[in-house]
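Q: can you look at this prediction? I've put the sequence above it.
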Number of protein chains: 2
Amino acid sequence: MRTRVTDMFGIEFPIFAFSHCRDVVAAVSRAGGMGVLGALYFTPEELETELKWIDDHVDGRPYGVDVVMPASYAGADLGVDSPQDLVARLQGMIPEGHRRFVDDLLAAHDVPPLGEDSDAGRVLLGWTDATARPQVEVALRHPIALLANALGPPPADIVELAHAHGVKVAALASTPRHAVKQVEVGVDVVVAQGTEAGGHTGEISTMVLVPQVVDAVDVPVLAAGGIGDGRQMAAGMALGAEGVWTGSIWLTVEEADTPEMAKRRILEATSRDTVRSRSWTGKPARLLKNEWTDAWESAESPGTLPMPLQFMLISDALRRIGRSDAAELATFPAGQIIGTMNQVRSARDVVFGMVEQYVEAMDRLERLTRD
Amino acid sequence: MRTRVTDMFGIEFPIFAFSHCRDVVAAVSRAGGMGVLGALYFTPEELETELKWIDDHVDGRPYGVDVVMPASYAGADLGVDSPQDLVARLQGMIPEGHRRFVDDLLAAHDVPPLGEDSDAGRVLLGWTDATARPQVEVALRHPIALLANALGPPPADIVELAHAHGVKVAALASTPRHAVKQVEVGVDVVVAQGTEAGGHTGEISTMVLVPQVVDAVDVPVLAAGGIGDGRQMAAGMALGAEGVWTGSIWLTVEEADTPEMAKRRILEATSRDTVRSRSWTGKPARLLKNEWTDAWESAESPGTLPMPLQFMLISDALRRIGRSDAAELATFPAGQIIGTMNQVRSARDVVFGMVEQYVEAMDRLERLTRD
């Protein structure tokens, strides 16, 4: 298989695997695809450790890093550079009624309080310019092949910096207009991500979005959202993409460090068990639908706060839930393909299985068409 | 091109075109696809006229009829057979507050009242067993090749009746579970319709749904939802479908009798200008998003009523809006592909353009794969 994307990165298969787990990233790259590590949850120091580990386990194959630099967020105009100061200022912007709603929800589900181990760095994560830039600096000290931005066009100076390091830049787009803006700031690869994707996502489906993005830009496009097997890969390529960007499918592979409870929920879920909700970060993201997401849609809900306030509001709650038995409240980003994920396989098997099924789908299509 | 579906119906291209306009149905069938007339808005007498016209203009090519026999609706258990009696009973079930909400909304937009030409048959449409059965009887007196049911599995006796007339039966499914149920009652073709489709639609995207349905049933599957060009057709086939079912794309063809205002709105719309809403029929349907759909989501909304009460409630309002200048309230079923519909072409050009682009997409895929 050969597209502009396989040429650009020297990879065998144009399969990009987004994961927060270094083992998955290295395994996919070693299998001939391209692993992309989500940096969001890591401090710069932790990210350094993760990337060092990947460098040692990727056998010289290319891999990427994904950061989140949203074009807009609450506090962006405060002029505060230090993450600690930013957190302090932002904490004051969270209404008391919202804190009470979260406390009451957890109390109703008998979720115990946390001990005294709260951590300011963890409430902000990499969701601001101030917290994502140090991640980029760490990433560029490693031999990464790709820097991806998950929420809109990255800042122009970050694109320049990446290019100066010989690193290609990708960005996720949920409308053709976003894609055009991204290419204008120098993005090399556009990931056209449909609404069925897990995590932050738009409204337009992959089927409808990908051809529109392909027609709108000259750079190569990856199809994302609902891509979990080789038929979906073939469909993405048929729509004009030159590769696929996958996420949810890696949550249940052997190598993934996904919490056991979450893995079990995913293996049991149908494709109707996700919902697009602002209850995680304040921007719409597709999550596992459960009593958490329902509560934020209920008549009692105070409504969600803008990014990054919403996650700051709920971060302690998520940790409390994670340590409790309240599985009914444990939500996390998940795409609609979780309905087809029913077994645990190795990342390598997933890559090879996808390619094999892609080739079968192509053979079938050729037979149908030539008859 | 050859699939089980082209063999089943003796058609050249496995392209199914759902339309309420007889001209479109006949034109698509003559071009080598298969037109399917939506019977919903027609009385049995009108349907007879429409089908007679199609018989005279389809050059002996196969065509189909689509009815709506929902598995569940308000009043299904009233035991009332006559549409007139059913309407009378159902009218009493519509709360005064809902009528007031609609009246106030129209007054706020200066929409004039109707004259005295209200018509009971029109408020119920073909959305009940009592109103759809006479349509089926009319349809089976014509040389139709396909009877499709738009909302779930058709009643088993209707399937038998169709088969006794040598007519194949299709049904739309938005989950793999629905598809299995449909095949159990004898459906010959399952239309796996993703959430991006116009009209009544589920939550799962076409990309995710089609492979699940293909794996769940043995009968041929048509991909529906987001199919408007040849790349999307190729994608649908790559997902395992043996043909495609299209709808929105025909709203703006030369032959379509779509009101001018609606045509203009569609040609201008982007793919973000639709929304899944219960405000048309009480069941979720993708509609053009505007002040009508917004109003039903607003804090003042009394909520929607179950099918068929919601359409009964709003049918006069829709006619008032249609006769007024209140374009901002004129909603109608529309899928996300309206964002790519920017010009008026003949139905024949759309069919041939889709096939040509399908072949191009296949050629491109083969080059990418074999390199």
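A: Structure received.
Q: what parts of the stretch 201-350 of chain A come near chain B?
A: A:202-209, A:211-212, A:225-229, A:231-232, A:234-240, A:242, A:270-272, A:335-337, A:339-340 (CB under 8 Å from any CB of the partner chain). (Glycine included, C-beta is placed from N, CA and C.)
Q: hmm, A:V87 is touching A:L125, no?
A: No. A:V87 lies out of contact with A:L125 (CB atoms under 8 Å); the separation is 10.6 Å.
Q: picking that back up, for the buried ones among the residues of the stretch 201-350 of chain A next to chain B, write the corresponding PyMOL selection.
A: Buried residues among these (16 or more other CB atoms under 10 Å in any protein chain shown), as a PyMOL selection:
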select buried, chain A and resi 202+203+204+205+206+207+208+209+211+212+225+226+227+228+229+231+232+234+235+236+237+238+239+240+242+271+335+336+337+339+340
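Q: surely A:A173 touches A:V213?
A: Yes. With contact defined as CB under 8 Å, A:A173 reaches A:V213; the gap is 6.1 Å.
Q: now the common contact residues for these two.
A: Listed contacts common to A:A173 and A:V213 are A:179, A:190, A:192; contacts here mean CB atoms under 8 Å, 6 or more residues apart in numbering or on different chains.
Q: give me the phi and psi for the residue lying closest to the first one once chain neighbours are set aside.
A: Taking CB to CB, 6 or more residues apart in numbering or on different chains, and ignoring the residues beside it in sequence, A:A179 has A:A173 as its nearest neighbour in space, at 4.0 Å. Reported as degrees, to the nearest 10, the phi and psi values for A:A173 are phi -130, psi 140.
Q: contacting residues for A:A173?
A: Contacts of A:A173 (CB under 8 Å, 6+ apart): A:152, A:179, A:182, A:190-193, A:213.
Q: apply 6 Å and report the result again.
A: A:A173 is in contact with A:179, A:182, A:190, A:192, counting by CB atoms under 6 Å, 6 or more residues apart in numbering or on different chains.
Q: what do you get for A:T270?
A: Here A:T270 is in contact with A:G339 (criterion: CB under 6 Å, 6+ apart).
Q: how about the one 3 residues further on?
A: Contacts for A:D273 (CB under 6 Å, 6+ apart) come out as A:K289.
Q: quick check on it: phi, psi?
A: phi -90, psi 30.
Q: show the pLDDT at it.
A: At A:D273, the pLDDT value in this model is 96.
Q: quick check: it vs A:S248, distance?
A: 12 Å (CB to CB, to the nearest Å).
Q: go on, A:R2?
A: 27 Å.
Q: now do A:V191
A: Separation of A:V191 from A:S248 (CB to CB): 14 Å.
Q: the more surrounded of these two?
A: A:V191 (30 against 26; other CB atoms under 10 Å in any protein chain shown).
Q: in contact with A:Q182, which residues?
A: Contacts of A:Q182 by CB under 6 Å, 6+ apart are A:153, A:171, A:173, A:190.
Q: in JSON lines: these, plus pLDDT.
A: Output for those, formatted as JSON lines (pLDDT from 0 to 100):
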{"residue": "A:P153", "pLDDT": "86"}
{"residue": "A:A171", "pLDDT": "96"}
{"residue": "A:A173", "pLDDT": "97"}
{"residue": "A:V190", "pLDDT": "98"}
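Q: pop the domain breakdown of chain A in here.
A: A:4-73+A:127-258+A:349-370, A:83-123+A:267-329 (automatic domain parsing).
Q: and these, which is most packed in?
A: domain A:4-73+A:127-258+A:349-370 (a mean of 22; mean count of other CB atoms under 10 Å in any protein chain shown).
Q: end-to-end on that one?
A: 27 Å (CA to CA, to the nearest Å).
Q: re earlier: so of the contacts of A:A173, which ones are in strands?
A: Counting by DSSP state E, these place A:190, A:192 in strands.
Q: now A:A285, nearest residue through space, not along the chain?
A: Nearest non-adjacent residue to A:A285, counting by CB to CB, 6+ apart: A:H200, 4.7 Å away.
Q: got it, and A:G64?
A: Distances taken as CB to CB, 6+ apart put A:L146 closest to A:G64, at 3.2 Å, once the chain neighbours are dropped.
Q: partners of the one you found in the sheet?
A: On the basis of DSSP bridges, A:L146 is bridged to A:G64, A:K168.
Q: contacting residues for it?
A: By CB under 6 Å, 6+ apart, the neighbours of A:L146 are A:64, A:168, A:170.
Q: would you mind giving those as CSV with pLDDT added?
A: Compiled in CSV, these are given as follows (pLDDT from 0 to 100):
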residue, pLDDT
A:G64, 98
A:K168, 98
A:A170, 97
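Q: can you list phi and psi of the closest residue to chain B within the stretch 1-150 of chain A for me?
A: Across the stretch 1-150 of chain A, the shortest distance to chain B (CB to the nearest CB) belongs to A:R2, at 3.7 Å. Dihedral angles of A:R2 (phi, psi; degrees, to the nearest 10) stand at phi -140, psi 120.
Q: quick one: which of the residues of the stretch 201-350 of chain A next to chain B sit in helices?
A: A:206-209, A:211-212, A:231-232, A:234-238 (DSSP state H).
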